[in-house]
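Asks: quick one: sequence and predicted model below, then my questions.
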Amino acid sequence: MHFIRTGFLLLALTLLFVMVGYFVGGQTGMVIAFLLAAAMNLFAYYNSDKMVLRMHRAVETDRESAPELYSIIEQLSANAELPMPKVYVIENPQPNAFATGRNPSNSAVATTTGLLDMLTKEEVAGVIAHELAHIKNRDTLTMAMTATLAGAISMLAQFGLFFGRNQQRGGVLGPIGGFIAILAAPLAATLVQMAISRSREFAADELGSRISQRPLWLASALQKLAQAKGRFRLASAEANPASAHLFIVNPLAGGLSGLFMTHPRTEDRIARLQEIAAGMGQVQLGGPQPEMERGPVAAGAVPPPFKGEKGPWS
C-alpha cells in the first residue's frame, strides 16, 4: 500500500512538473522538465531527507551533547522496535518537530530548541513517539520527497514568471505561460495536502500513544504547541512552505497557513487522544499525570512509563 501511495504521488508531481515545463518553454521545455523530473525523483529518493534537514538548518547531535533527548529517543525507539534514528536540533524558538528518512534504517528526528525549552520531559516524549510512529508507518519517505519535489515545482513556476516563452506554433503566450506557471506553486501545495492526508496525522497520534503508553503526554504537548505557534516564526518553513506538512503542527503563520492545511485541527487531535487515554484507563487532560524519572537517564535504562506492551505496531 505504501508503494502504491508513494508511486501515485510521485507520478502526479512529475506530471505537474512537466506541465509547468510546457507552459514555460513549450515542447522543448516539456521534454527538459520530464528529464529533470526523472532525475529529481531518483535524487530525491536518496537525498530528500538530507535536503530537508539542510533546508531547516538542522544540526546533528549525539548522546554527549543532548543526553536527555537522546535517551528519550533511544528508549522509545526500542519500544517501537525501530533502529535508533539520527537526532537533530533546529535553533529556533518555535516549538515544533518532524521526522524524515526513506526507511526506518535511514531515518532522523529533528526538534526545535523551542520545543525542548517549552515542554516537559513527558511532553517531549509524547512528541517523539508521534514522530517515531511516522517512521514506523513509513510516512517519512513520501513526506520528504513531496517537500523536495513541490519545492522544485515552485522554483520552476517562479522561473516561468520571469522567463515565459514567446508564442510559437502549438505553444502558448509567454505572459500567459508565466501566469499559469506561477499558479502551479499553490497547486503543488494542494497535491501535498492531498498526499499527506489528515488521517495520517491521526494514525501517527494513535500509534505514538501506543509507543509511549501515555496518550495525554502528546495531548498536553499539542495544546502548548498550538498556543505558542503564533508567537514565533520558523523562517526556514516560511521560505519553504511545501515542507510544512513534515512538522507535528503547521509551522506557517499568516495567510500561508490556510493554504497548506495539511494537519487536522488541534482540538480534534486532542479529543481523539483523550478517547485513547480513556480506553487505557488513564485520567483526562488536566488531571494528575504520571511522570518520567527525573534527572539524566542512564544508558540502556528504560523508565517504568515506557515499559508498556510491545506490538503489534500495525
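Replies: All right, it came through fine.
Asks: now do the SS call for residue 111.
Replies: Assigned state for residue 111: strand (three-state reduction, DSSP: H, G, I helix; E, B strand; the rest coil).
Asks: residue 83 versus that one, what's the distance?
Replies: 19 Å (C-beta to C-beta, to the nearest Å). For glycine as for every other residue, the C-beta is placed from the backbone atoms N, C-alpha and C.
Asks: between those two, tell me which one has more neighbours.
Replies: Using other C-beta atoms under 10 Å, the more surrounded residue of residue 111 and residue 83 is residue 111, with 27 against 13.
Asks: excluding sequence neighbours, find me the nearest residue to that one.
Replies: residue 97 (4.3 Å; C-beta to C-beta, 6 or more residues apart in numbering).
Asks: counting neighbours, what do you get for that neighbour?
Replies: Other residues close to residue 97 by other C-beta under 10 Å number 26.
Asks: one more: the one 4 residues further on?
Replies: Applying the criterion other C-beta under 10 Å, we find 24 residues in the vicinity of residue 101.
Asks: can you give me phi and psi for it?
Replies: phi 130, psi 150 (degrees, to the nearest 10).
Asks: with the one 3 residues further on instead?
Replies: In this entry, residue 104 is assigned phi and psi values of phi -60, psi -30 (degrees, to the nearest 10).
Asks: where's it relative to residue 93, distance?
Replies: Distance from residue 104 to residue 93, by C-beta to C-beta: 30 Å.
Asks: pick out whichever of the two has more residues nearby.
Replies: Counting neighbours by other C-beta under 10 Å for residue 104 and for residue 93 shows that residue 104 has the greater number, 18 against 15.
Asks: and the more buried one, what does it touch?
Replies: Residue 104 is in contact with 82-83, 85, 135-136, 138, counting by C-beta atoms under 8 Å, 6 or more residues apart in numbering.
Asks: one more: residue 131?
Replies: Contacts of residue 131 (C-beta under 8 Å, 6+ apart): 97-99, 109, 204, 208, 248.
Asks: host element of it?
Replies: Using DSSP states H and E, residue 131 maps to helix 121-136.
Asks: how far does that helix sit from the chain's center?
Replies: Centroid separation for helix 121-136 versus its chain: 13 Å, with C-alpha atoms, centre = their mean, to the nearest Å.
Asks: same check on stretch 220-236?
Replies: 15 Å.
Asks: just the terminal-to-terminal distance for it.
Replies: Terminal residues of stretch 220-236 are spaced 26 Å apart (C-alpha to C-alpha, to the nearest Å).
Asks: which residues touch it?
Replies: 55-57, 90, 92-96, 112, 114-115, 118-120, 122-124, 126-127, 248-251, 253, 266, 269-270, 273, 285, 289.
Asks: may I see the buried residues of it?
Replies: 220-226, 228-229, 232-234, 236 (16 or more other C-beta atoms under 10 Å).
Asks: for the residue nearest the centre of the chain, which non-adjacent residue is closest in space?
Replies: Nearest to the mean C-alpha position of the chain, counting by C-alpha atoms, centre = their mean, stands residue 246 at 1.3 Å. With sequence-adjacent residues excluded and distances taken as C-beta to C-beta, 6+ apart, residue 246 is closest to residue 98, at 4.1 Å.
Asks: which residues does the one you found contact?
Replies: 52, 109-110, 131, 143, 246-248.
Asks: out of the residues you listed, which one sits closest to residue 214?
Replies: residue 131 (15.2 Å; C-beta to C-beta).
Asks: returning to that earlier point: of the contacts of residue 104, closest to residue 65?
Replies: Lowest distance from residue 65 to the contacts of residue 104 (C-beta to C-beta) belongs to residue 85, with 15.6 Å.
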